[in-house]
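Enquirer: one predicted model, sequence on top.
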Amino acid sequence: MKTCPRFTSLREEYEREIGFLSAHSERHAGRPSAKSSAKYAASTKARMARALSGHVGRCPECGCPPQSSRS
């Protein structure tokens, strides 16, 4: 699938945040902050999926070309 630079930028931002949260969770294993970071990383993954699928749906460069409607 061909994507636009905005899609790549958006994905990289989310992946960087998920990486930071996951690393914090691993560094502080067994502490309450680690559990919180792990949960936040999981919810960030879901937000990333929602944001990227929404982008593909709206972006003419990333999404499928519009189909003509038949009456």
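Expert: Good, I have the coordinates. Numbering: from 1, shown residues only.

Enquirer: same for whichever helix or strand R16 is part of, what does it pack against?
Expert: R16 is part of helix 5-27, with elements assigned from DSSP states H and E. Secondary-structure packing of helix 5-27 (3 or more Cβ pairs under 8 Å, 6 or more residues apart in numbering; DSSP states H and E): helix 32-58. Yep, even glycine has a C-beta here, placed from its N, CA and C like the rest.

Enquirer: next, the angle from the helix it packs on to helix 5-27.
Expert: Helix 32-58 runs at 170 degrees relative to helix 5-27, counting by axes from the mean of the first three to the mean of the last three Cα atoms, to 10 degrees.

Enquirer: report the buried residues of helix 32-58.
Expert: Neighbour-count burial for helix 32-58 flags 34, 37-38, 40-41, 44-45, 48, 52, 55-56 (criterion: 16 or more other Cβ atoms under 10 Å).

Enquirer: before we move on, the earlier item: return the set of buried residues in the helix holding R16.
Expert: So for helix 5-27, counting by 16+ other Cβ under 10 Å, buried means 7, 10, 14, 17-18, 21-22, 24-25.

Enquirer: going by distance to C62, which of the residues you listed wins?
Expert: Nearest to C62 among the buried residues of helix 5-27 is F7, at 5.3 Å by Cβ to Cβ.

Enquirer: ok, the residue nearest in space to the middle of the chain to K2 distance?
Expert: Centroid-nearest residue in the chain, with Cα atoms, centre = their mean: M48, separated by 2.0 Å. Per Cβ to Cβ, to the nearest Å, M48 is found 19 Å from K2.

Enquirer: how many residues are close by H28?
Expert: By other Cβ atoms under 10 Å, the residues close to H28 number 15.

Enquirer: need the pLDDT of it.
Expert: Predicted confidence (pLDDT) for H28: 91.

Enquirer: and M1, by the same measure?
Expert: pLDDT recorded at M1 is 66.

Enquirer: ok, and the closest non-adjacent residue to A34?
Expert: Closest residue in space to A34, ignoring its immediate chain neighbours: H28 at 4.1 Å, by Cβ to Cβ, 6 or more residues apart in numbering.

Enquirer: thought A38 was touching that neighbour, still the case?
Expert: No - the criterion here is Cβ atoms under 8 Å, and H28 misses it with A38 at 10.0 Å.
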